[in-house]
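Chemist: Give the three-dimensional model of this entry:
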Amino acid sequence: MTPQRMHETISAFAAYLAVDRGLADNTVAAYSRDVRDYGEFLRGRGVRGYADAARQDVIDFISHLQRDRGLTRSTIARKLSSVRGLYRFLLIDGRSEADPAADVDSPKRARRLPGVLTVQECRRLLETPDRSEPQGLRDAAMIALLYACGLRVSELVSLRMHELHQDEGLVRTVGKGSKERIVPVAPLALHLVGRYLEEARPDLQRYPGEDAIFLTRLGRPFSRGGFWARLKQYVRLAGLPEDTSPHTLRHSFATHLLSGGADLRAIQEMLGHASLSTTEVYTHVSAEDLRRIYDNSHPRA
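Modeler: Model prediction:
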């Protein structure tokens, strides 16, 4: 397979994912990287093109990822999913007559329970930024909104002014697969965001047409990495576990709602999960929490 031929196929596949399936740019980029990885493997074996690969080539690619590269099962499962998506596209587009990945089993994924913070730890993290200066007030508002709404970090940094409805106490966001959802905002978070918009954002705004809610000191919207770097500083100052991430606050949001008696389907809607099975992982977290309470409280435990 020549590099030119591989590039042409990947470009067509990426266009299909973006236009026909409406996937987000980050998702399209991840699929493209995985398919390029697979293409390089095939090229090393002398396979002329993606459509010329056999089922054994796909199996050997999975083995290569496991044995030679030592990738995790979740990463391998994602790459196999990308390869399957490629062959579905090639079939639809008439570029292939067979799908060699159709019946290749994905490696079993270990079910890992998400890490969560306690309510007290969330409060400690929220109180760490110095709200007397613009950047600190902004950071407190971002952390509060992330936890209050269970947003993904990409959703938080891409929020625009018209998507926050302060009077109704709601935020509208666009998540994975360009799916839009509306999430209630807790009063404390709403208050902090309101303070930030009134007291801090005018000091940070450098460009009149910029409508991102949260701005850096240079007046530009945050990147995911930029916010994560800020959060890490506060995690360290608050004495929280080092692996605390923006997604930890999303997990904490869901777990605390469930522990407070919220309906699982309502949590699914607020998180923007396509399947209830994805949300059900939080029932396991809650069950572990109940077991810990029982063991610490029951005289016969």
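Chemist: all strands for the protein, in order.
Modeler: 164-165, 170-174, 180-184 (DSSP state E).
Chemist: quick one, which of these is packed in tightest?
Modeler: Of all the strands of the chain, strand 170-174 has the most neighbours on average by mean count of other CB atoms under 10 Å, namely a mean of 18. For the C-beta atoms, the positions are set from N, CA and C on the backbone; glycine is no exception.
Chemist: Can you give the contact residues for it?
Modeler: 145, 149, 151, 155, 158-159, 163-165, 180-185, 272 (CB atoms under 8 Å, 6 or more residues apart in numbering).
Chemist: farthest-separated two in these?
Modeler: Distances among those were taken as CB to CB; the most separated pair is S158 and P184, at 19.3 Å.
Chemist: which of the contacts of strand 170-174 has the weakest pLDDT?
Modeler: Within those, G272 has the lowest pLDDT, namely 75.
Chemist: isn't that residue right up against S154?
Modeler: No: the pair G272 and S154 fails to qualify as a contact (CB atoms under 8 Å) at a distance of 11.5 Å.
Chemist: can you put the strands of the chain in JSON lines and add distance to G209?
Modeler: Putting those into JSON lines (distance: least, CB to CB, whole Å) gives the following:
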{"stretch": "strand 164-165", "distance to G209": "18"}
{"stretch": "strand 170-174", "distance to G209": "20"}
{"stretch": "strand 180-184", "distance to G209": "23"}
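Chemist: and D68, which of those strands is closest to it?
Modeler: D68 lies closest to strand 170-174 among the strands of the chain, at 38.6 Å (CB to CB).
Chemist: and that closest one, what's its mean pLDDT?
Modeler: When pLDDT is averaged over strand 170-174, the result is 89.
Chemist: What segments of this protein are helices?
Modeler: Along the chain, counting by DSSP state H, helices occupy 3-15, 25-44, 55-67, 73-92, 119-127, 134-149, 153-157, 187-195, 201-204, 224-237, 246-259, 264-271, 276-279, 281-297.
Chemist: so what does the fourth one touch, helix or strand wise?
Modeler: For helix 73-92, the helices and strands in contact under the criterion 3 or more CB pairs under 8 Å, 6 or more residues apart in numbering; DSSP states H and E are helix 3-15, helix 25-44, helix 55-67.
Chemist: quick one, domains of this protein?
Modeler: With automatic domain parsing as the criterion, the domains of the chain are listed as 3-92, 119-297.
Chemist: which residues of the protein score low on pLDDT?
Modeler: The chain contains residues with pLDDT under 70 at 107-114, 274-301.
Chemist: let's see it at 50
Modeler: Across the chain, the ranges flagged by pLDDT under 50 are 290, 293-294, 301.
Chemist: one step back: mind putting the helices and strands packed on helix 73-92 into JSON lines with distance to A101 and mean neighbour count?
Modeler: Shown next, in JSON lines, are the helices and strands packed on helix 73-92 (distance: least, CB to CB, whole Å; neighbours: other CB atoms under 10 Å):
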{"stretch": "helix 3-15", "distance to A101": "14", "mean neighbour count": "15"}
{"stretch": "helix 25-44", "distance to A101": "9", "mean neighbour count": "17"}
{"stretch": "helix 55-67", "distance to A101": "5", "mean neighbour count": "16"}
